[in-house]
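# Okay, predicted coordinates and the sequence, questions at the end:
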Amino acid sequence: MLSKAKRLRIFLERMGAAPAADSAEEALTLLTGVLNAVEDEFSGVPYNLQLWKTDGRLYPPQEDNTLRQPSFKARSR
């Protein structure tokens, strides 16, 4: 089992190597897939969302915990 810090580094490396998402939904799917794969491989803790506070595993954000922002157009100067 790797520490949370090491698992987080692996997650960030894999996210950096992944193709960019075209939407918020694709981004959440990508984040969820990558994080769960890293945790399955390196945490030694089975996925059990009911134990998220105490089991030591990193869990992705849940759909019911997202905050939708109105669309905006990026501008550059």
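Perfect, I can see it now. Residues are numbered from 1 along each chain as shown.
# what's around Asn36, how many residues?
By other CB atoms under 10 Å, the residues close to Asn36 number 17. (C-beta placed from N, C-alpha, C; glycine too.)
# is it true that it touches Pro60?
Yes. With contact defined as CB atoms under 8 Å, Asn36 reaches Pro60; the gap is 6.8 Å.
# Select the longest helix from the protein.
Ordering each helix of the chain by length in residues (DSSP state H) puts helix 24-42 first.
# Could you list every helix and strand in contact with the lowest-mean-pLDDT helix or strand in the chain?
Least confident helix or strand, the chain: helix 24-42 with a mean of 95, by mean pLDDT, DSSP states H and E. The elements that helix 24-42 packs onto, with contact taken as 3 or more CB pairs under 8 Å, 6 or more residues apart in numbering; DSSP states H and E, are helix 4-17.
# Just the buried residues of the helix it packs on, please?
Residues of helix 4-17 classed as buried: Arg7, Ile10, Phe11 (neighbour count, 16 or more other CB atoms under 10 Å).
# Nearest spatial neighbour of Met15, chain-adjacent residues omitted?
Val34 (5.7 Å; CB to CB, 6 or more residues apart in numbering).
# which residues touch the spatially most central residue of the chain?
Per CA atoms, centre = their mean, the C-alpha nearest to the average position across the chain is that of Leu31, at 3.7 Å. With contact taken as CB atoms under 8 Å, 6 or more residues apart in numbering, Leu31 is in contact with Met15, Pro60, Pro61.
# 6 Å instead, please
Pro60 (CB atoms under 6 Å, 6 or more residues apart in numbering).
# What distance do you get for it to Thr54?
Relative to Thr54, Leu31 is positioned 22 Å away (CB to CB, to the nearest Å).
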